[in-house]
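Peer 1: When you get a sec, could you give me coordinates for this:
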Amino acid sequence: MGKPDKPIPYGRHWVDDEDIRAVVSVLKSDWLTQGAKVAEFEEALAAYCGSKYAVAVANGTAGLHLACLALGIGKGSGLVTTPNTFVASANCALYSGHVPYFADIAGETLNIDPDRVEALLKKPGTGGKIKAIIPVHFAGRPCDMKVLSDLADKYGQRLIEDGCHALGAGTKKRGGGIERVGSCRHSDMTVFSFHPVKHITTGEGGAVLTNDKRLYEKLCTLRSHGITKDKGRMSRDPGPWYYEMVDLGYNYRLTDLQCALGHSQLKRLDSFVERRRAIAAQYDAAFEGMEHVVTPAPEKGVFHSYHLYVLKVDFKELKTNRRKVMEGLAERGVRTQVHYIPVHLQPYYKKTFGYKAGDFPAAESYYDSALSIPMYPKMTKAEVSRVIRAVRECLTR
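Peer 2: Okay, here's the model as predicted:
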C-alpha cells in the first residue's frame, strides 16, 4: 500500500536556505534585538511599498493598536471598520480607548462599502463621534482608497489601512506599474502582518508605514515603552545613560532575528505574489461555470495579491452544508478555512454593543457562503490539481 498524500493546508510559509543563513548570521552577531537589522528591514519595506517610513512591530495587531494611538484623537471617539475581518481590526479601537463602529461590505469586492461608510458618517448622533476609518484590504484585494480618501477629506476623518492581507497588492497605474498598498498616498498609515500564512513571514511580526514624520516618530516612541534618548525631546541631559519616558508606550519591538528573516523574505515577495496569482488563475479557470459557486475575480485595474482564495458557495442550493463539504475535503487531504465570522456576531460584541444577526446583511450573507481553499506559493502543480479535483468532487451535485 502506497504512502498517503500529505494533507494540503489552506496556507503556509516558505522558508529557504537563504532565509536560514540570514537568521543564523544574526545569531552569531552581537545584536539579537534593537540592532541594525531592524532599520535595514524597515528601509527595504518602505522602499518596496513606496512610503517614506516603516516601523517594525511585534505583530499586525500591535501595529493597528499603535496606529490608533498615534492618531491622537480623543478617547471615546469612534473608528469605523468592516465586519468582514479578523477581530483585531475592530479590537484595536477598544485597546486605544475608542469605540468601534461597522459599515457593511460591498457584495462583490467583500471590502467595506464606501456608500455605507458615508451613510454612517451622515447619521445624526453617530457620524459626529467617528474620527477615523479603518478599511481592510480583504484577502489581498485593495479597497478603493481614492474614494475613501475623498470621504475622509469631506467628513474630517483620519485613515488607517489594514493591509495585513495585502502586501504586494495595489492598483495598476495608467502608464504601467503598481501603486502599492503601503504607499500611504491616500491614508495616514498602513499596517501589515508577517504571520506565517501571510505573503512574507517574520514568525510573528508586523509593521506600520507612513509618510508623516510626526506619526513616524510617535510610532517609534510608542513601540518601545514611550521612552526617548533624543536630547531634543528630553527635559534635561545629565549624561549618556539618561533617558526619559515621554509617553505611555509598550514593548512592541521586533527583534533583529525576525527582521533578518523578513528582509530575506522580502527579496522573494514578487515571486511569491506571482505564484499566488498563477494559482488563482488556475482556480478561476477550473471553477468558472460551476453551478452555485462564485470565484473572486477582481475588477479591472486591481492588482490582487491573493492572501486568500475564497469561493462563495450556495450550500443550500447544492443541498449540502459547509461542515459536510469541509469534512469531505479533509478526507481527501485538503484543509480549508472560513474567513471570517463577522465581528459583530462575536459574543463579546453582541454583549457589549448589542449587535445582532441582520445588522450587516451583506457581510452575513457572504459569511454563510465563504470557503477558503489552499493558497500559498509553495504549492506544487500536483497539489493545485488535487485541490481542484477535490473541490469539484465535493461541490458537484
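Peer 1: Ends of stretch 362-380, what's the gap?
Peer 2: Length of stretch 362-380, first residue to last, CA to CA, to the nearest Å: 35 Å.
Peer 1: low-confidence ranges in this structure?
Peer 2: Scanning the chain for pLDDT under 70 picks out the ranges 1-4, 397.
Peer 1: I'd guess A362 is in a helix, am I close?
Peer 2: Yes: counting by DSSP: H, G, I helix; E, B strand; the rest coil, A362 falls inside a helix.
Peer 1: Name all residues that make contact with the spatially most central residue of the chain.
Peer 2: The residue lying closest to the centre of the chain (CA atoms, centre = their mean) is C164, at 1.6 Å. Applying CB atoms under 8 Å, 6 or more residues apart in numbering to C164 gives the contacts 60, 86, 88, 136, 191-193, 198, 206. Just so you know, the C-beta spots here come from the backbone N, C-alpha and C atoms, and that holds for glycine as well.
Peer 1: same deal with T228?
Peer 2: Here T228 is in contact with 221, 234, 243-244, 246 (CB under 8 Å, 6+ apart).
Peer 1: Then K37?
Peer 2: 26, 31, 256-257, 259-260, 263.
Peer 1: Among those residues, which one has the most neighbours?
Peer 2: Within those, neighbour counts (other CB atoms under 10 Å) peak at C259, which reaches 30 neighbours.
Peer 1: Quick check, that one in contact with A56.
Peer 2: Yes: counting by CB atoms under 8 Å, C259 does reach A56; the two are 5.9 Å apart.
Peer 1: Now the common contact residues for these two.
Peer 2: Common neighbours of C259 and A56 (CB under 8 Å, 6+ apart) are 38, 41-42.
Peer 1: With distance to A119 and secondary structure as new columns, can these be given to me in TSV?
Peer 2: Shown next, in TSV, are the shared contacts of C259 and A56 (distance: CB to CB, whole Å; DSSP: H, G, I helix; E, B strand; the rest coil):
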residue	distance to A119	secondary structure
V38	42	helix
F41	40	helix
E42	38	helix
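Peer 1: Quick check: K6 touching R335?
Peer 2: No: with contacts counted by CB under 8 Å, K6 stays clear of R335, the gap being 10.8 Å.
Peer 1: of those two, who's got more company?
Peer 2: R335 (17 against 8).
Peer 1: Skipping adjacent residues, who's closest to the more buried one in space?
Peer 2: P9 (4.8 Å; CB to CB, 6 or more residues apart in numbering).
Peer 1: same thing with Q34?
Peer 2: R253 (6.8 Å).
Peer 1: where do the helices sit along the stretch 51-200 of the chain?
Peer 2: Ranges of helices in the stretch 51-200 of the chain, per DSSP state H, counting those that start in this stretch, are 60-71, 88-95, 114-122, 145-155.
Peer 1: Just name the most buried of these.
Peer 2: helix 60-71 (a mean of 27; mean count of other CB atoms under 10 Å).
Peer 1: Run through the neighbouring helices and strands of that one.
Peer 2: strand 53-57, helix 88-95, strand 130-134, strand 158-162, strand 189-193, strand 206-210, helix 213-222 (3 or more CB pairs under 8 Å, 6 or more residues apart in numbering; DSSP states H and E).
Peer 1: for T221, what are its contacts?
Peer 2: 227-228, 246-247, 249.
Peer 1: Out of those residues, flag the one nearest to L121.
Peer 2: Nearest to L121 among those, counting by CB to CB, is D247 at 29.6 Å.
Peer 1: what about the closest one, helix or strand, and which?
Peer 2: For D247, there is no helix or strand it lies in under DSSP states H and E.
Peer 1: Contacts only, for the closest residue to it other than its chain neighbours.
Peer 2: Nearest non-adjacent residue to D247, counting by CB to CB, 6+ apart: G226, 3.6 Å away. Applying CB under 8 Å, 6+ apart, we find G226 in contact with 245-250.
Peer 1: Would you list the phi and psi of G226?
Peer 2: With angles defined as degrees, to the nearest 10, G226 sits at phi 70, psi 20.
Peer 1: Kindly report the same for V310.
Peer 2: Dihedral angles (degrees, to the nearest 10) for V310: phi -110, psi 120.
Peer 1: Settle this for me: it is touching L371, isn't it.
Peer 2: Yes: with contact defined as CB under 8 Å, V310 counts as touching L371 (6.8 Å).
Peer 1: between those two, who's got more neighbours?
Peer 2: V310 (26 against 23).
Peer 1: who touches the helix or strand hosting H263?
Peer 2: Assigning secondary structure by DSSP H and E places H263 in helix 256-266. Outside helix 256-266, the residues within contact range by CB under 8 Å, 6+ apart are 15, 18-19, 22-23, 25-27, 29, 31-38, 40-42, 44-45, 48, 56, 194, 200-205, 254.
Peer 1: Where helices are concerned, which of those count?
Peer 2: Taking DSSP state H, the ones among those that sit in helices are 18-19, 22-23, 25-27, 36-38, 40-42, 44-45, 48.
Peer 1: from those residues, which two are the most distant?
Peer 2: L27 and Y48 (25.4 Å).
Peer 1: which one of these two has more residues nearby?
Peer 2: Y48 (19 against 10).
Peer 1: show me the biggest helix of the chain in terms of residues.
Peer 2: The chain, longest helix under DSSP H: helix 269-287.
Peer 1: contacting residues around the helix or strand just after it?
Peer 2: Counting by DSSP H and E, the next helix or strand C-terminal to helix 269-287 is strand 293-294. With contact meaning CB under 8 Å, 6+ apart, strand 293-294 is reached by 287, 311-314, 369, 395.
Peer 1: Just the residues you listed: which are in strands?
Peer 2: Counting by DSSP state E, the part of the contacts of strand 293-294 found in strands is 311-313.
Peer 1: from the residues you listed, which is closest to G74?
Peer 2: K312 (39.6 Å).
Peer 1: could you list every residue that touches the closest one?
Peer 2: With CB under 8 Å, 6+ apart, K312 has these contacts: 293-294, 296, 366, 369-371.
Peer 1: This completes my enquiry, with thanks.
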